[in-house]
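Student: give me a model of this one.
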Amino acid sequence: MDVLNYFATQEWKFTNDRLHALMAKLTSKDRENFFCDVRDIDWNVYFETYIRGIRVYLIKDPLDTLPQARVKWQSPSFGPSSADRLAKKSMCLDLRLTSLVNPQIKRRRDEERGAKMRMS
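Tutor: Residues are numbered from 1 along each chain as shown. Prediction:
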């Protein structure tokens, strides 16, 4: 966590102005060869890959359990939006972990909780 602390406690601003300028100069053939337009990302495939990465690299589930899990996730008991719910929950987990590392986020969260408790 010490390695991540610096990156989690700083405020970062990222821009993609140069990417937009580059994309404006690309020919249609170059756009096909050098994919860089996030509007064309298939977000369902992206999140399926994201969830698989969480299972394999974060949770350390063995690769041989992925086919059974895929069948389980596609069963009616889980429904088609289960992968979407899992992705959203894992993003919330990322935010919670960030707030544990970043004291400013933790302080704001604690202040919000205190304000809610005073209101009730």
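
Student: where do the helices sit along the protein?
Tutor: In the chain, the helices defined using DSSP state H lie at 2-9, 17-25, 28-33, 43-53, 66-73, 82-101, 103-119.

Student: where among the ones you listed is the average confidence lowest?
Tutor: Among those, helix 82-101 has the lowest mean pLDDT, at a mean of 56.

Student: quick check: domain ranges of the protein?
Tutor: 17-79, 80-119 (the TED database).

Student: contacts only, for G53.
Tutor: Going by CB atoms under 8 Å, 6 or more residues apart in numbering, G53 touches no other residue. Glycine gets a C-beta too; all of them are placed from N, C-alpha and C.

Student: residues near F34, how many?
Tutor: F34 is flanked by 11 other residues according to other CB atoms under 10 Å.

Student: how about it, phi and psi?
Tutor: In terms of degrees, to the nearest 10, the main-chain angles of F34 are phi -120, psi 80.

Student: surely it is in contact with T27?
Tutor: No - applying CB atoms under 8 Å, one finds F34 not in contact with T27, separated by 10.2 Å.

Student: any idea how far the residue lying closest to R52 once chain neighbours are set aside is from N5?
Tutor: Using CB to CB, 6 or more residues apart in numbering and skipping the chain neighbours, the partner closest in space to R52 is L66 (6.8 Å). Taking CB to CB, to the nearest Å as the criterion, L66 is separated from N5 by 33 Å.

Student: do H20 as well
Tutor: To N5, H20 is 33 Å away according to CB to CB.

Student: same check, this time on V38
Tutor: 29 Å.

Student: cool, and V45?
Tutor: 33 Å.

Student: looking at the two, which is more packed in?
Tutor: N5 (12 against 9).

Student: can you report how many residues lie near the residue nearest to R52?
Tutor: Neighbour tally, L66, other CB under 10 Å: 13.
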